[in-house]
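# sequence-free structure coming up:
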């Protein structure tokens with residue numbers, strides 16, 4: 001790609017890209033998107049409530065609405081969400097930052113525990129958020145696990161339409177959660193520790209709010225994400241083991257053959273968290289634009305490093321050049 005991600009040689013390290021992508025220094029200073037955001041509770045169906053933040057651009061006829069979905073144990077306030085939202089808001093778009101169940105400050109909203117297979121409530125929320133577009137074009141941007149949710153929403157759109165949906169864009173999406181979990185457990189200490197610490201903190205918070213429902217004391221002493229999965233999933237979900245659970249939201253084979261909305265996937269060959277090989281099978285579908293870069297890490301793509309972001313500019317270019325929004 002002539003307009004691909006081409007960082008300076010000293011900024012190509014995948015760990016440097018990945019770690020700095022989540023550092024708060026990237027979003028220091030004023031953020032007009034956050035300043036005008038309105039907290040909203042979105043109906044996910046069957047009594048499920050999801051927390052989100054809606055930022056309406058001051059121009060009455062803004063370019064459209066962009067929904068941002070964070071990754072596992074991220075939130076609407078994750079650095080990559082705040083940075084991407086600020087960039088696109090300044091370009092004239094309305095922004096909605098959605099928290100998946102038990103992410104952000106939302107553990108109290110639902111008694112049930114979050115897990116990756118909860119696509120129905122997320123899809124219902126995505127459809128309800130679409131009405132905030134006011135008839136203008138609507139785009140979904142998902143990161144990591146949020147990219148997996150965004151892809152599943154795109155698939156469900158084929159049979160249950162999302163109003164005004166024009167494009168789905170995924171940054172470093174996880175297609176095979178089993179492989180991703182193993183990758184995290186076998187990754188350098190900083191990633192393993194990061195995800196393990198955040199997940200345990202989330203489980204403790206859920207237990208504190210619903211002490212009669214949950215007891216994670218034995219799980220909190222475990223040392224890998226897979227070990228915790230093997231305890232928590234059979235105990236508190238409908239799945240009998242981690243294999244059945246992961247299979248329920250693995251995206252493989254010809255699953256994308258019936259896509260009815262354009263999808264763009266941005267990923268890197270050097271991603272230290274998500275194995276990139278599975279993404280190449282997506283080329284079989286003409287509705288998918290696959291932009292795999294040599295460098296970029298996991299949800300990184302920082303250039304100029306560390307404050308600029310290539311995929312933010314790319315998202316804007318895609319939406320403008322193809323008139324997906326606006």
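That came through fine. These figures come from a predicted structure and were not determined experimentally.
# work out for me the element the closest residue to residue 300 other than its chain neighbours sits within.
Leaving aside its sequence neighbours, residue 300 sits nearest to residue 17 (CB to CB, 6 or more residues apart in numbering; 3.1 Å). Where you see a C-beta, it was placed from the backbone N, CA and C, and this is true even at glycine. Using DSSP states H and E, residue 17 sits within helix 14-20.
# next one: the residue of the chain most remote from its centre from residue 107, what distance?
Within the chain, the residue lying farthest from the chain centre (CA atoms, centre = their mean) is residue 212, at 30.8 Å. Distance from residue 212 to residue 107, counting by CB to CB, to the nearest Å: 15 Å.
# all helices of the stretch 201-326 of the chain, in order?
For the stretch 201-326 of the chain, helices defined by DSSP state H, counting those that start in this stretch occupy the ranges 225-236, 242-247, 310-321.
# redo these as CSV? Include distance to residue 76, mean pLDDT and mean neighbour count.
Output for the helices of the stretch 201-326 of the chain, formatted as CSV (distance: least, CB to CB, whole Å; pLDDT from 0 to 100; neighbours: other CB atoms under 10 Å):
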stretch, distance to residue 76, mean pLDDT, mean neighbour count
helix 225-236, 23, 98, 18
helix 242-247, 25, 98, 17
helix 310-321, 17, 95, 19
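# in a markdown table: those helices, plus distance to residue 159.
Below are the helices of the stretch 201-326 of the chain laid out as a markdown table (distance: least, CB to CB, whole Å):
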| stretch | distance to residue 159 |
| --- | --- |
| helix 225-236 | 28 |
| helix 242-247 | 21 |
| helix 310-321 | 25 |
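# residue 273 is nearest to which of those helices?
With CB to CB as the criterion, residue 273 lies closest to helix 225-236 of those, at 11.5 Å.
# contacts for the closest one, please.
113, 115, 181-182, 184-185, 192, 195-196, 199-200, 203, 214, 216, 218-219, 222, 239-242, 245 (CB atoms under 8 Å, 6 or more residues apart in numbering).
# circling back: is it true that the residue nearest to residue 300 touches residue 303?
No: Residue 17 is beyond contact range of residue 303, at 9.2 Å (criterion: CB atoms under 8 Å).
# anything in contact with each of these two?
With CB under 8 Å, 6+ apart as the test, residue 17 and residue 303 both reach 7, 11.
# neighbour-wise, which of the two wins?
Taking neighbours as other CB atoms under 10 Å, residue 17 and residue 303 compare with residue 17 leading, 27 against 21.
# neighbours around residue 160, how many?
Residue 160 has 10 nearby residues by other CB under 10 Å.
# let me see the mean pLDDT of stretch 142-159.
When pLDDT is averaged along stretch 142-159, the result is 97.
# now do the buried residues in that stretch.
142-157 (16 or more other CB atoms under 10 Å).
# ok, now stretch 271-288?
Buried residues in stretch 271-288 (16+ other CB under 10 Å): 271-274, 278-279, 281-282, 285, 288.
# among the residues you listed, which lie within strands?
Secondary structure from DSSP state E places residue 288 of these in strands.
# which of the buried residues of stretch 271-288 sit farthest apart?
Checking the buried residues of stretch 271-288 with CB to CB, the most distant pair is 272 and 285, at 26.8 Å.
# ok, back up a step: residue 92: which of the helices of the stretch 201-326 of the chain is closest?
Using CB to CB, those put helix 310-321 closest to residue 92, at 9.6 Å.
# what does that closest one contact?
3, 5, 7, 63-64, 83-84, 87-88, 91, 139, 141, 167, 169, 171, 264, 266, 289, 291, 296, 301-303, 324-326.
# and stretch 151-164, by the same measure?
64-65, 119, 122-123, 126-127, 130-131, 133, 135-138, 140, 142, 165, 168, 170, 173, 175, 249, 251, 255-256, 258-261, 263.
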